[in-house]
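**Student:** Pasting a predicted model and its sequence here:
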Amino acid sequence: MTTSDATHEQPLLVSDHDGVRTLTLNRPAARNAVNLALATAIDAALTEFDERRDLSVAVLAANGTTFCAGMDLKAFLRGERPITPRRGFAGIVQEPPRKPIIAAVDGPAVAGGFEIVLACDMIVAAENAFFALPEVKRGLVAAGGGLLRLPGRLPYHLAMELALTGKTISAVDAERLGLVNKLVAPGTAVAAATELAAEVAACGPLAVAATKQILQDSPGWPAGEAFARQSELTEPVRSSADAVEGARAFTEKRPPAWTGS
């Protein structure tokens, strides 16, 4: 088997560079529909990503003209469930990584594909991309986190309309409404997401992870406990070697050399 053949058969491609992990869905012939092999690979790649001190942010991209069409229905009919015990559907929606992850959407992201995108922390989308939760049109419910996350990302009534009708929303409209961080030309979503990831990777990795957790979890904290709970997450960062390095690098007018410790 040649290297190109081996790559072609891998459902997920993983590469690491300068603190950024790039995960690329690699089932273009199936419109990157999620089967168990792909879900398992994503789960494993995210678990290792969270454990690696040299990686602080991830980009989730896809090969082909479709970002992801959702669950692989052919595999489903064979009895597969593309769910992992820890992270749920697609190895991400139930428990996204502890560190930030950016979706690079170049093409449609529908059904479970949109739910994967919603599990990410930032979204870079091409102008020709679109999103939808069409499950109700098939007599199903979008149970991969779409209904849980969408009302927090879009105005309530619009989220309800999209979920109850299965309508699509264009990347252009999604950017206007604040769902998408950056709107870019077709074919450039990965490059733009990588640039955004590089900005995150330039920051202290412990601080980045703690900042994500506070932003994510604090809306559910009781008001009287918010600062105490925040302190539990920030104090270990404040006393870290990276905090000392950040201050020293600032005073010495040089880029910091983060160690993740």
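**Tutor:** Received it, and whenever you're ready, just let me know what you need. Numbers count the residues shown, from 1 in each chain.

**Student:** Pretty sure Cys203 is one of the things Asp242 touches, is it not?
**Tutor:** No. Using C-beta atoms under 8 Å, Asp242 makes no contact with Cys203, being 9.9 Å away. In this view, the C-beta of every residue, glycine as well, is placed from N, C-alpha and C.

**Student:** ranges for the strands of the stretch 51-200 of the chain?
**Tutor:** For the stretch 51-200 of the chain, strands defined by DSSP state E, counting those that start in this stretch occupy the ranges 57-62, 83-84, 88-89, 101-105, 109-110, 122-126, 130-132, 168-170, 182-184.

**Student:** between the ones you listed, which gets nearest to Lys253?
**Tutor:** Across the strands of the stretch 51-200 of the chain, Lys253 has its closest neighbour in strand 57-62 (24.9 Å, C-beta to C-beta).

**Student:** what does that closest one rub up against?
**Tutor:** With contacts defined as C-beta atoms under 8 Å, 6 or more residues apart in numbering, strand 57-62 is touched by 19-26, 28, 32, 46, 49, 68, 97, 99-107, 116, 120, 189-190, 193-194, 197, 200-201, 208.

**Student:** and the gap between Val110 and Arg53?
**Tutor:** Taking C-beta to C-beta, to the nearest Å as the measure, Val110 falls 36 Å from Arg53.

**Student:** ok, these two, which is more surrounded?
**Tutor:** Taking neighbours as other C-beta atoms under 10 Å, Val110 and Arg53 compare with Val110 leading, 23 against 12.

**Student:** tell me the pLDDT at that one?
**Tutor:** The confidence metric pLDDT takes the value 98 at Val110.

**Student:** these two touch, right, it and Val34?
**Tutor:** No. Using C-beta under 8 Å, Val110 is not in contact with Val34, being 11.9 Å away.

**Student:** Residues that sit against both of those two, list them.
**Tutor:** Joint contacts of Val110 and Val34 (C-beta under 8 Å, 6+ apart) are Cys68, Gly70.

**Student:** how about JSON lines for the strands of the stretch 51-200 of the chain, with distance to Ser15 added?
**Tutor:** Shown next, in JSON lines, are the strands of the stretch 51-200 of the chain (distance: least, C-beta to C-beta, whole Å):
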{"stretch": "strand 57-62", "distance to Ser15": "10"}
{"stretch": "strand 83-84", "distance to Ser15": "22"}
{"stretch": "strand 88-89", "distance to Ser15": "24"}
{"stretch": "strand 101-105", "distance to Ser15": "13"}
{"stretch": "strand 109-110", "distance to Ser15": "21"}
{"stretch": "strand 122-126", "distance to Ser15": "17"}
{"stretch": "strand 130-132", "distance to Ser15": "26"}
{"stretch": "strand 168-170", "distance to Ser15": "30"}
{"stretch": "strand 182-184", "distance to Ser15": "20"}
